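K.L.:
Below are the sequence and a predicted model for it; my questions follow.
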Amino acid sequence: MTNSITNSPSFVTQLREQIEYPSAGVISKVLLKDNACQYTLFCLAVNTDISEHTSTRNATINVIEGKGLLTLPGENIALKPGIFVFMPANVLHALKAEENMTFLLTLSEKVAESN
């Protein structure tokens, strides 16, 4: 998969058409990137582990298909379609795909204040 960087004010794609699983490991595709955000589709093969790490940016995970487990300090989150997770910058986390799993990862500089 190739990266896509654009300055266009709008971008449309069918996420399910972008899904491509490797025989092992991860395929990631940057769908859109600007100075404030990056939107990346991650396709993980079953039993793939992403070891503990942090990000200097806020992150969200929106699971599209498959199942996995997200480990945060003191908390395990079952990942399945429809689950949305927000993680502030610098939070230690790890992930394991329990079956082929796809999610949209958004990295951002700031979080809008909620009402």
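P.N.:
Perfect, thanks for sending it.

K.L.:
where does this structure have low pLDDT?
P.N.:
Per-residue confidence for the chain (pLDDT under 70) gives these ranges: 1-8, 110-115.

K.L.:
can you give me the helices in it?
P.N.:
For the chain, the helices defined by DSSP state H cover 15-18.

K.L.:
Count the residues that sit near the residue nearest to N76 when sequence neighbours are not counted.
P.N.:
Nearest residue to N76, sequence neighbours excluded (CB to CB, 6 or more residues apart in numbering): L69, at 5.9 Å. (Glycine included, C-beta is placed from N, CA and C.) Look at L69: counted by other CB atoms under 10 Å, it has 15 neighbours.

K.L.:
before we move on, what about L72?
P.N.:
The number of residues packed near L72 is 13, by other CB under 10 Å.

K.L.:
Dig out what it forms beta bridges with.
P.N.:
E75 (DSSP bridges).

K.L.:
how much space between it and Q14?
P.N.:
Going from L72 to Q14 by CB to CB, to the nearest Å gives 30 Å.

K.L.:
same question, E99
P.N.:
22 Å.

K.L.:
Neighbour count for these two, which is higher?
P.N.:
Comparing E99 with Q14 by neighbour count (other CB under 10 Å), the higher total belongs to E99, at 13 against 7.

K.L.:
Surely the more buried one and G66 touch.
P.N.:
Yes: the pair E99 / G66 is scored as a contact, 5.0 Å apart, by CB atoms under 8 Å.

K.L.:
So what would you say the end-to-end distance of stretch 49-62 is?
P.N.:
As for stretch 49-62, its first-to-last residue distance stands at 18 Å under the measure CA to CA, to the nearest Å.
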